[in-house]
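[1] sequence? don't have it. structure:
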């Protein structure tokens, strides 16, 4: 049993002062309000808010964040960036991946996330041959999450084709590619999930998973989260229309039983009917605004989706930012830029934009990750972020999200463990040194 005292905290019924929680096995077992800090209680000063799960991460891409900003010979785009990513992963060993992922997960915690959904597709050796242990690289991700102290939803990815029409995988895709049988062997080789962990599946995208493979995967995969990239780029939409006669989201909703356990990642380029259909299905839309801006993807119609009753969470994706506040701020700002309005996603008159964004992303992220979290309440997992004080209530949250100077995240509790204290992770310095050595070697290799 661990006890924590929070100076002020956002509870389901609103803001409260002097909140004490008792944590057992990572879950909030008891909670009281309005009492001073008892003896033998960990007092975390500041403004406590529910932790937000990071619902879409590619940890290996931390190794290339910031290294793709030199212009190429022609017009750069998502597709030229993808080729650079293929080249960058060739030199990553299993040992490298564990260090890179640990660094990424530490930064994600310091950025205010308390759980991560890892969309993991770096499966094989550089020539495409499976490792002797088919789950070798997945085990490295698991070890990184354990070392960092972050909850993990592991989503091994089926990547069965190089493009629409069941094109063969390209040379750059060899480390990702598996047929359905090979993928199921990899999935079966995973160890049982440990405390705070969930296993799901991820068909990479409609271009990388032909219809028969998608149907087979969904038929044989155990219950749990299902995540998929969909409609991220205009060219993807055009190719899907040419191959199937339907847009990606339209085709997916017509050919799969999409429901609340699904997370549709990006869904950037959708029409009004698709927006309404996604909301009716109950799927979470996974938005990654810093990556979507970095890659020139576009802006998801979040206001229309919210109005239709849809739910969305956020993730760090390519690791150009590890901050949940960055993602939520850019999500709102993107809506302002395309609409010409302010407080677009506040959810109604007199409401705090920051509070609405935080609470919706926390609950939707929990659903997408298959975990019981997203609120500071009895029975919920003890995933809590404490922001620097100075302002109170919704003003503190709005200021942290829209007017922060530096990183306002002071403390992070993940599964009842304070893993970030006064802005520092307990293993941060050691892992940063290892990461620097790995990066020095990878930069020489590439």
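    Arrived safely, thanks for sending. The shown structure was predicted, so the numbers you read here are calculated from the model rather than taken from an experiment. Residues are numbered from 1 along each chain as shown.
[2] Could you use CA atoms for every contact and neighbour count after this?
    Will do.
[3] where exactly do the strands run in the stretch 101-250 of the chain?
    113-120, 151-158, 197-199, 202-203, 226-230 (DSSP state E, counting those that start in this stretch).
[4] Could you dump those into JSON lines with distance to residue 400, mean pLDDT and mean neighbour count added?
    Output for the strands of the stretch 101-250 of the chain, formatted as JSON lines (distance: least, Cα to Cα, whole Å; pLDDT from 0 to 100; neighbours: other Cα atoms under 10 Å):
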{"stretch": "strand 113-120", "distance to residue 400": "14", "mean pLDDT": "98", "mean neighbour count": "29"}
{"stretch": "strand 151-158", "distance to residue 400": "24", "mean pLDDT": "98", "mean neighbour count": "28"}
{"stretch": "strand 197-199", "distance to residue 400": "29", "mean pLDDT": "98", "mean neighbour count": "21"}
{"stretch": "strand 202-203", "distance to residue 400": "33", "mean pLDDT": "98", "mean neighbour count": "26"}
{"stretch": "strand 226-230", "distance to residue 400": "30", "mean pLDDT": "98", "mean neighbour count": "25"}
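[5] Show me the one of these that comes nearest residue 16.
    Among the strands of the stretch 101-250 of the chain, the nearest to residue 16 by Cα to Cα is strand 113-120 (21.5 Å).
[6] Output the contacting helices and strands for the closest one.
    In terms of contacts (3 or more Cα pairs under 8 Å, 6 or more residues apart in numbering; DSSP states H and E), strand 113-120 is packed against strand 52-57, strand 151-158, strand 384-387, strand 409-414.
[7] can you rerun that using 7 Å?
    strand 52-57, strand 151-158 (3 or more Cα pairs under 7 Å, 6 or more residues apart in numbering; DSSP states H and E).
[8] Residue 314 touches residue 286, doesn't it?
    Yes - using Cα atoms under 7 Å, residue 314 is in contact with residue 286, at 5.6 Å.
[9] what is in contact with those two at once?
    Common contacts of residue 314 and residue 286 (Cα atoms under 7 Å, 6 or more residues apart in numbering): residue 55.
[10] between these two, which one's more packed in?
    residue 314 (33 against 29; other Cα atoms under 10 Å).
[11] any idea how far the more buried one is from residue 102?
    To residue 102, residue 314 is 20 Å away according to Cα to Cα, to the nearest Å.
[12] List the buried residues of the lowest-mean-pLDDT helix or strand in the chain.
    Every helix and strand in the chain was compared by mean pLDDT, DSSP states H and E; the lowest is helix 78-89, with a mean of 89. For helix 78-89, the neighbour count (16 or more other Cα atoms under 10 Å) marks 81, 84, 85, 86, 88, 89 as buried.
[13] Helices of the stretch 301-446 of the chain, start to end?
    302-307, 324-339, 353-369, 393-402, 428-445 (DSSP state H, counting those that start in this stretch).
[14] Go through these and pick out the most buried.
    For the helices of the stretch 301-446 of the chain, the largest average neighbour count (mean count of other Cα atoms under 10 Å) is found in helix 353-369, namely a mean of 25.
[15] export the helices and strands packed on strand 113-120 to CSV and tack on distance to residue 398?
    Converted to CSV, those look like this (distance: least, Cα to Cα, whole Å):
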stretch, distance to residue 398
strand 52-57, 16
strand 151-158, 26
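[16] and of those strands, who's closest to residue 370?
    strand 151-158 (7.6 Å).
[17] which secondary structure elements does the closest one contact?
    strand 113-120, strand 197-199, strand 202-203.
[18] Note down every partner strand of the last one and its orientation.
    Looking at strand 202-203 with DSSP bridges, its partner strands are strand 151-158 (parallel).
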